[in-house]
Structure formats: C-alpha cells, structure tokens
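Visitor: Kindly generate the corresponding structure for this input.
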Amino acid sequence: MKKITLLCLLSVICNITYAQLLVEDFDYTQGDYLTSHGWFTQYGASSSVGVTNGLTFENYAESNIGNAALLDIEDSN
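Guide: Reported below is the predicted structural model:
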C-alpha cells in the first residue's frame, strides 16, 4: 500500500512541477515576408522567406499555435 501511495504522490508532484521552459510561438502575420522585417536569405533577391500556417501535430497540446517560415528559393542552375 505504501508503494502505491508513493507512486501516486510522485506522479502528482511530477505533473504539478512540469513547466515549459522555452516557448517559441512564431507570431508574424500570415502572408507577410520576413525579409521586410530584417531577415535575409543567402540566395539573393529572387528568394524570399514568407510566413505560412504553423504545423499541427495530433495529441500535442502546443500544436497549431503561431505560424511557420516558408522558404521560396529559386535556383539559377
């Protein structure tokens, strides 16, 4: 009985003390270009870094928050 109680107590403590240390919600406006906000690409002016909808993962609570970068690279070769 003591082992079960200890296991339950540890489980509750681990869930309570869980904290997300790093959060990166990509909060740029969808459809905007990051190159107009100081970002740049090494591929020249013909390439751009746009903003599109973020990734969605099933059964992940922090999913679908914020947006994502979209690289549009034109290769001249």
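Visitor: Give the buried residues for stretch 63-72.
Guide: The neighbour-count criterion (16 or more other C-beta atoms under 10 Å) identifies 66, 67 as the buried residues of stretch 63-72. Using the backbone N, CA and C atoms, a C-beta is placed for each residue, glycine as well.
Visitor: Next secondary structure element downstream of the helix or strand bottoming out on mean pLDDT in the chain?
Guide: Least confident element among the helices and strands of the chain, by mean pLDDT, DSSP states H and E: helix 2-17 (a mean of 73). Stepping forward along the backbone from helix 2-17, the first helix or strand reached (DSSP states H and E) is strand 48-53.
Visitor: And the contacts of the next helix or strand along the chain from that following strand?
Guide: As assigned by DSSP H and E, the chain's next helix or strand after strand 48-53 is strand 67-72. Outside strand 67-72, the residues within contact range by C-beta atoms under 8 Å, 6 or more residues apart in numbering are 26-30, 34, 41, 47-55.
Visitor: Tell me which strands strand 67-72 pairs with, and in which orientation.
Guide: Partners of strand 67-72 in the sheet, by DSSP bridges, are strand 48-53 (antiparallel).
Visitor: With just CA atoms, put the strand it pairs with into CSV.
Guide: Taking C-alpha atoms only, strand 48-53 is exported to CSV below (Å, rounded to 0.1, in the frame of the first residue of the first chain):
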residue,chain,number,x,y,z
SER,A,48,12.1,35.2,-50.0
VAL,A,49,11.1,34.0,-46.6
GLY,A,50,7.4,34.1,-46.1
VAL,A,51,5.0,33.3,-43.3
THR,A,52,2.5,30.4,-43.5
ASN,A,53,0.3,28.5,-41.1
